[in-house]
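Asker: Kindly return the folded structure for what I paste below:
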Amino acid sequence: MFPIETRRSDTNVVRWLLIAFALVIVLLAIWLVRDVLLLALTAIIFAILLTTPIRFFVRHGVNRALAVLLTVFLIGAVISAASALALPDLFEQFRILVVQTLPSAGQVLQRELSPENLTARFPFLRDFMTDVSLADLTNQLWQQIISSLATVSGQVFPFVTNLFSVLFSLLIVIFLSIYFVADPDPHWRGVLRLVPISYRPRAREILLSLDYTLRQFLQTQIILMILTGILTTIAMLVLGLPLAGVLGVISGLFSFVPNFGPLLALVPVLAVTIINSPEKVLLVVLVYFGIQFIVGQVVAPLLLGSEIQLPPAIILLSQIIFGIFFGFLGLLLSVPLAAIGTVLIREIYVRDVLGDTEVSLRVTQEYEKALE
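Answerer: Here you go, the predicted model:
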């Protein structure tokens, strides 16, 4: 007979092995359905945006079902009005940008990178390389630029190669968002039932904190996108560049993704500048990044509370990690995912595990009032 302590030790080892095995299975299952989970998260984020006008109507005495219908009607009306007034001109500018400006800018760059132009501008290159080796170098450089742009466009614009899949995913997001918005209580109760009964009041506070953080972040981000688009459009008009409207729209939309978004939006801005006013390239770059600095470093901190702001290093790391593992959609959702992770670490680990009660939570009554 084995001692009791030995049997208990063996039992604990088996228990921990089973737990580790179950954890591996769960993580593997999550990895296999990661695309579906990201679509669900996108739907939740979109639903949070929709709840802002819905809650406004509900607070003013409108029935929730009617508030949902009013919100959908208003969104449809705004989209229809924008489509009728602004989209035709923007589509024409976008067509000119893609069909004419970008290819022409590529030809100009190829011509400027030719051995003749480089040696004419930088005579010292003749002392280090022959014309043949310099030509090979410039050709390789140009091929690298073309392949890099093709890779980036394939990752950033996946709808170009798989339009049906993107449209289908968009429909899934829209319908899931409507389901979440129309009757959120069952989903809240379902999530709360997954935690122990004794922890459910605290879990509700954490969910409300997540809701508040995401809502504030997304509302602020929309304001920043609109501001970036307007300032970029005005700046391009003042600098005398054509296609200012579409350049502003691209800059505003891409600003949703910090760091990488503005860099990608700079490509069409530079293309238009190279074709029309190459002498203004440096000025355009300075003005463009000046706008990004003002919006990102001055306006954003004023609109976001200190509890919602994320350190730049956390944002960059989250973009790299989620972009590598989940592709374009992971890069697009990297900042909201980082915000969710920050709230969970703050509330569950720092406050509940470490006992740091100085970590503040928003007043629960305010959350409950907002959810009514």
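Asker: With adjacent residues omitted, what lies nearest to Leu303?
Answerer: Among residues not flanking Leu303 along the chain, Thr220 sits closest, at 4.5 Å (Cβ to Cβ, 6 or more residues apart in numbering). For the C-beta atoms, the positions are set from N, CA and C on the backbone; glycine is no exception.
Asker: residues in contact with the residue nearest to the spatial centre of the chain?
Answerer: The centroid of the chain falls nearest to Leu332 when counting by Cα atoms, centre = their mean (3.1 Å). By Cβ atoms under 8 Å, 6 or more residues apart in numbering, Leu332 lies in contact with 256-257.
Asker: 10 Å - rerun?
Answerer: Neighbouring residues of Leu332 by Cβ atoms under 10 Å, 6 or more residues apart in numbering: 38, 42, 156, 256-257, 261, 319, 322-323, 326.
Asker: And it, how far from Arg204?
Answerer: Leu332 sits 29 Å away from Arg204, going by Cβ to Cβ, to the nearest Å.
Asker: show me the contacts for the residue lying closest to Arg204 once chain neighbours are set aside.
Answerer: Computed as Cβ to Cβ, 6+ apart, the closest residue to Arg204 that is not its neighbour in sequence is Leu192, at 6.2 Å. If you count contacts by Cβ under 10 Å, 6+ apart, Leu192 has them with 199-201, 203-204, 207.
Asker: element containing Leu241?
Answerer: Leu241 is part of no helix or strand, with elements assigned from DSSP states H and E.
Asker: Tell me how far it lies from Glu92.
Answerer: Leu241 is 16 Å from Glu92, by Cβ to Cβ.
Asker: neighbour-wise, which of these two wins?
Answerer: Between Leu241 and Glu92, counting by other Cβ atoms under 10 Å, Leu241 is the more crowded of the two (18 against 13).
Asker: Run a quick neighbour tally on the residue lying closest to that one once chain neighbours are set aside.
Answerer: Leaving out its chain neighbours, the residue that sits closest to Leu241 by Cβ to Cβ, 6+ apart is Val272, at 5.5 Å. Neighbours of Val272 under the rule other Cβ under 10 Å: 24.
Asker: Please apply the same query to Leu207.
Answerer: 18.
Asker: Could you report the distance from it to Arg346?
Answerer: With Cβ to Cβ as the criterion, Leu207 and Arg346 are 14 Å apart.
Asker: for Phe256, same thing?
Answerer: On the measure of Cβ to Cβ, Phe256 and Arg346 end up 24 Å apart.
Asker: between the two, who's got more neighbours?
Answerer: More neighbours surround Arg346 than the other of Phe256 and Arg346, with 19 against 15 (other Cβ under 10 Å).
Asker: Could I get the pLDDT score of Ser83?
Answerer: Reading off the confidence values, Ser83 has pLDDT 66.
Asker: Also Leu237?
Answerer: Predicted confidence (pLDDT) for Leu237: 90.
Asker: Does it lie in a helix or a strand, and which?
Answerer: Per DSSP H and E: helix 200-238 holds Leu237.
Asker: Please, where are all the helices along the stretch 101-250 of the chain?
Answerer: 102-112, 115-121, 131-156, 163-182, 185-192, 200-238, 244-254 (DSSP state H, counting those that start in this stretch).
Asker: Least confident of the ones you listed, on average?
Answerer: Per-stretch mean pLDDT for the helices of the stretch 101-250 of the chain is lowest at helix 131-156 (a mean of 52).
Asker: Could you measure from the residue nearest to Leu303 over to Ala339?
Answerer: Per Cβ to Cβ, Thr220 is found 11 Å from Ala339.
Asker: Tell me which of these two has more neighbours.
Answerer: Ala339 (22 against 18).
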